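A.B. asks: the sequence and its predicted three-dimensional model are supplied below.
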Amino acid sequence: MELLEVKDLRTHYLTPFGAVKAVDDISFKLKKNMSLGFAGESGCGKTTVALSIMRILPYPGKILGGEVLFKGIDILKMNEAELRQVRWKGISTVFQGAMASLNPLFKVGRQIADPIMIHEDVKKKEAHSRANELLELVGIDASRADNYPWELSGGMRQRVMIAMGLACNPDVIIADEPTTALDVIVAHQVMELIKDIREKLDLSMILITHDISVIAQTCDELAIMYAGKIVELSTVSTMYESPLHPYTDALISSFPNIKEKKRQLKSIAGNPPDLINPPPGCNFNPRCTYAQDICRSEEPALDQIGDNHSVACHFWEEIVAKR
Amino acid sequence: MESDTVVKVQSLKKWFDLSSGIVESLLSRKERYVKAVDGVTFDIKRGEIFGLVGESGCGKTTTGRLIMGVTEPTEGQVFFDGVDLITIKDREEVKKLALKRQMFFQDPYEYLSPWLTVKDTLAEPLRIHDLVSDKDEELEKVLEIMETVDLTPVEMLLPKYSYELSGGQRQRVVIARALLLNPSFIVADEPVSMLDVSIRVGILNLLLDMKKKFSITILFITHDIAVSRYMCDRIGVMYLGKIVERGPTETIINKPLHPYTQALLSAVPVPDPKISRSEIPIKGRIPTSTYDFPGCRFAPRCPYAEDHCARGESELVEVANDHFVACPRAQGSA
């Protein structure tokens, strides 16, 4: 049994203009102690995946189908009380924009202690001492527990968010763009911290980011999302050695790499599709250089083509042969 | 005759006064300033892209604004084509020089009026500066520039409002508007940091094309040293209002001498799982810029700091051809 398994998840935003197909038939597994990265451009549905797993979708988002199995039990069928057992203790989240996620009116120590008191049967004093330990764990002096969020720097706030995510010893942590708003050096420190803590606490992780280089440095597996679908799923090293989907290839080659020789970067022509009226066939076909008639009529399925490697493209074999 | 240097910046300073009012300024003896830019010197050669790289708050945007003349410096000089922009008085000359310099910013949405269509947005500067004689010529120029920056299909985009455009298209409108006035110099302040990766490269390549095609000189401001390497001929790395290292981009990327540049480079995530990043030796975070530094600003975080670092401020010294670094230790090892 996998720790977390998502099967055919479909989440749409039911707007007055039509249904925005933000997540459309997505399946993946998260094994214990593994980390899975979701990469894609803004609007590709990667955050919606996280929100659906936690069942905290904003209006007018609606989960229309699929299963989210956490330790074999479907989260989507749980009632509020059961759900409360999963949130924080089973799966917890670290969102981007720590300032927006922390309450400016409460001291950070209390904000970490609160979920501990609610979810575990402990006294206030013990919860607060746990909060102090967590702050030390993320590299903040315990004396800062008495600070308000606005008295901390951006990097420290993000560390507080991570401490909160760890408050109830979860099995899985979902980190949604945890370093996006931070400067490079601070971002690097926060990512290293997440890596260390995962090793220490045997934590499984889903990391959501637009920056595939962050995933390259931290994750075991990588799912590339495009327009509400996973187009390629594999281990990070396989994906970098032989990206099969044209979008993955384009995405990887549009990142400048400071460690290798300077090369011409290629852009991807066009824009991501409108998810209310996605193009018929493969969602990527209007921007794809390999597109042929079949791509415009038939949607490719995410086929398993090797150990731990799946791709949704009609022509992946030909693309490989051309290399 | 045109000289080789388009922009020359000398000991430029911009301190923002923090004393909050007349009462405080009367009562407190000590004046508080944010030293956003604190003695910056560099020049930009004709036809090159010069990059200012640094983390948020290092003063790179303020430096760009000072060169544009939209912010008054506290001290120092800015020369544009040999003319001192700070002391110049002649209004006609000011206007002429202003036309030659254009700037665009991170968030194109903020700089486009939601009330104007693409056509009007682009036609407006032409009208204001009397660059066209009639409507036909105006439209012709607008169409021409739209083709140049690849805002196509032109007919479809002309009547659109900025909120109807995608992020990449918006940034192209901003670039087109700047190019319409035939500037010889452009300040591009984080032009791609709001854009998605697949769109980002398109804009970067467009800027590189424009530089070649119109031989425009560009000051490229970015927090992303990997992007600066793709774009710039030379860069200056800024830390707390000062340039700590300056020189040809490849030299600095391959042989960074200042400990801060080294830290910045090892923090860049590399899109390749085979390469593991080296540890960043520096600790702590950027202090607030109100802090008064007797010595090197980087000393409190520097792994190699010695006693003398906290005393004298280190100045930029040329250690190799056109490679300047403000660190005595690095100067010795070069």
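C.D. replies: Thanks, I have the structure now.

A.B. asks: hey, where'd the strands end up in the stretch 1-150 of chain A?
C.D. replies: With DSSP state E, counting those that start in this stretch as the criterion, the stretch 1-150 of chain A has strands at A:4-15, A:18-30, A:35-39, A:61-70, A:73-74, A:91-94.

A.B. asks: before we move on, what about the stretch 151-300 of chain B?
C.D. replies: Along the stretch 151-300 of chain B, counting by DSSP E, counting those that start in this stretch, strands occupy B:185-189, B:217-222, B:234-239, B:242-248.

A.B. asks: return the most buried member of the strands of the stretch 1-150 of chain A.
C.D. replies: Of all the strands of the stretch 1-150 of chain A, strand A:35-39 has the most neighbours on average by mean count of other CB atoms under 10 Å in any protein chain shown, namely a mean of 26. To be clear about C-beta, it is placed using only N, CA and C from the backbone, and glycine gets the same treatment.

A.B. asks: isn't residue A:84 right next to residue A:91, touching?
C.D. replies: No. Contact criterion CB atoms under 8 Å: residue A:84 and residue A:91 do not qualify, at 11.8 Å.

A.B. asks: got the residues of the stretch 101-250 of chain A near chain B?
C.D. replies: Residues of the stretch 101-250 of chain A found near chain B (CB under 8 Å from any CB of the partner chain) are A:153, A:155, A:183-189, A:191, A:210-214, A:216-217, A:236-237, A:240, A:250.

A.B. asks: what packs against the helix or strand of chain A with the lowest mean pLDDT?
C.D. replies: Across the helices and strands of chain A, mean confidence by mean pLDDT, DSSP states H and E is lowest for helix A:98-101: a mean of 76. The contact analysis (3 or more CB pairs under 8 Å, 6 or more residues apart in numbering or on different chains; DSSP states H and E) places helix A:98-101 against helix A:154-166.

A.B. asks: parallel or antiparallel, list what pairs with the following helix or strand past the helix it packs on.
C.D. replies: Next in sequence after helix A:154-166, counting helices and strands by DSSP states H and E, comes strand A:172-176. Take DSSP bridges as the rule and strand A:172-176 pairs in its sheet with strand A:91-94 (parallel), strand A:204-209 (parallel).

A.B. asks: following the last one in sequence, what is the next regular element?
C.D. replies: Next helix or strand after strand A:204-209 toward the C-terminus (DSSP H and E): helix A:212-218.

A.B. asks: which other helices and strands does that next one contact?
C.D. replies: Judged by 3+ CB pairs under 8 Å, 6+ apart, the packing partners of helix A:212-218 are strand A:35-39, helix A:184-201, strand A:204-209, strand A:221-226, helix A:236-241.

A.B. asks: state the mean pLDDT of the shortest one.
C.D. replies: Regarding strand A:35-39, the rounded mean pLDDT is 95.

A.B. asks: now it and helix A:184-201, what's the angle there?
C.D. replies: If you take axes from the mean of the first three to the mean of the last three CA atoms, to 10 degrees, strand A:35-39 sits at 150 degrees to helix A:184-201.

A.B. asks: next, the residues that contact strand A:35-39 from outside, please.
C.D. replies: Defining contact as CB atoms under 8 Å, 6 or more residues apart in numbering or on different chains, one finds that strand A:35-39 is touched by A:28, A:30, A:46, A:49, A:198, A:204-212, A:214-215, A:218-225, A:236, A:251.

A.B. asks: which residue ranges form the helices in the stretch 151-300 of chain B?
C.D. replies: Ranges of helices in the stretch 151-300 of chain B, per DSSP state H, counting those that start in this stretch, are B:154-157, B:167-180, B:197-214, B:225-231, B:249-254, B:259-267.

A.B. asks: dump these into a markdown table; add mean pLDDT, distance to residue A:291 and mean neighbour count as well.
C.D. replies: Shown next, in a markdown table, are those (pLDDT from 0 to 100; distance: least, CB to CB, whole Å; neighbours: other CB atoms under 10 Å in any protein chain shown):
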| stretch | mean pLDDT | distance to residue A:291 | mean neighbour count |
| --- | --- | --- | --- |
| helix B:154-157 | 90 | 22 | 13 |
| helix B:167-180 | 91 | 21 | 23 |
| helix B:197-214 | 90 | 16 | 19 |
| helix B:225-231 | 93 | 28 | 24 |
| helix B:249-254 | 95 | 37 | 18 |
| helix B:259-267 | 92 | 38 | 23 |
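
A.B. asks: show the contacting residues for the residue most central in space within chain B.
C.D. replies: Nearest to the geometric centre of chain B sits residue B:221, at 3.0 Å (CA atoms, centre = their mean). Listed by CB under 8 Å, 6+ apart, the contact set of residue B:221 reads B:51-52, B:60-61, B:63-64, B:187-190.

A.B. asks: and chain A, which of these reach it?
C.D. replies: The overlap between these and the neighbours of chain A (CB under 8 Å from any CB) is empty.

A.B. asks: for residue B:231, state which of those is nearest.
C.D. replies: Distance to residue B:231, by CB to CB, is smallest for residue B:51 among those, at 6.5 Å.

A.B. asks: that closest one pairs with what?
C.D. replies: residue B:220, residue B:235.

A.B. asks: tell me how many other residues surround it.
C.D. replies: Close neighbours of residue B:51, defined as other CB atoms under 10 Å in any protein chain shown, add up to 29.

A.B. asks: the one 10 residues further on too?
C.D. replies: Residue B:61 has 21 neighbours, counted by other CB under 10 Å.

A.B. asks: list the contacts for the nearest residue to it once chain neighbours are set aside?
C.D. replies: Distance criterion CB to CB, 6 or more residues apart in numbering or on different chains; nearest residue to residue B:61, sequence neighbours excluded, is residue B:189 at 5.6 Å. Applying CB under 8 Å, 6+ apart, we find residue B:189 in contact with B:61, B:64, B:103-106, B:221.

A.B. asks: tell me who's in contact with residue 297.
C.D. replies: Looking at chain A here, since you left the chain open. A:280-281.

A.B. asks: try again with chain B
C.D. replies: Contacts of residue B:297 by CB under 8 Å, 6+ apart are B:239-242, B:313.

A.B. asks: now with 6 Å, please.
C.D. replies: residue B:240 (CB atoms under 6 Å, 6 or more residues apart in numbering or on different chains).

A.B. asks: lowest-pLDDT helix or strand in chain B?
C.D. replies: Of chain B's SSEs (mean pLDDT, DSSP H and E), minimum confidence goes to helix B:22-27, a mean of 65.

A.B. asks: output the contacting helices and strands for whichever helix or strand comes after it.
C.D. replies: Using DSSP H and E, the next helix or strand after helix B:22-27 towards the C-terminus is strand B:33-45. Judged by 3 or more CB pairs under 6 Å, 6 or more residues apart in numbering or on different chains; DSSP states H and E, strand B:33-45 is in contact with strand B:5-17, helix B:60-68.

A.B. asks: rerun that using 7 Å as the cut-off
C.D. replies: Contacts defined by 3 or more CB pairs under 7 Å, 6 or more residues apart in numbering or on different chains; DSSP states H and E place strand B:33-45 against strand B:5-17, helix B:60-68, strand B:242-248.

A.B. asks: got these as CSV, with distance to residue A:67 and mean pLDDT columns?
C.D. replies: Below are those laid out as CSV (distance: least, CB to CB, whole Å; pLDDT from 0 to 100):
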stretch, distance to residue A:67, mean pLDDT
strand B:5-17, 56, 92
helix B:60-68, 49, 93
strand B:242-248, 54, 95
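
A.B. asks: mind putting those in TSV, distance to residue A:168 included?
C.D. replies: Shown next, in TSV, are those (distance: least, CB to CB, whole Å):
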stretch	distance to residue A:168
strand B:5-17	44
helix B:60-68	42
strand B:242-248	44
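
A.B. asks: OK, contacts around the residue nearest the centre of chain A?
C.D. replies: Centroid-nearest residue in chain A: residue A:208, 2.6 Å away (criterion: CA atoms, centre = their mean). By CB atoms under 7 Å, 6 or more residues apart in numbering or on different chains, the residues touching residue A:208 are A:38, A:46-47, A:50, A:175-177.

A.B. asks: show me which residues of the stretch 1-150 of chain B sit near chain A.
C.D. replies: Residues of the stretch 1-150 of chain B found near chain A (CB under 7 Å from any CB of the partner chain) are B:55-56.
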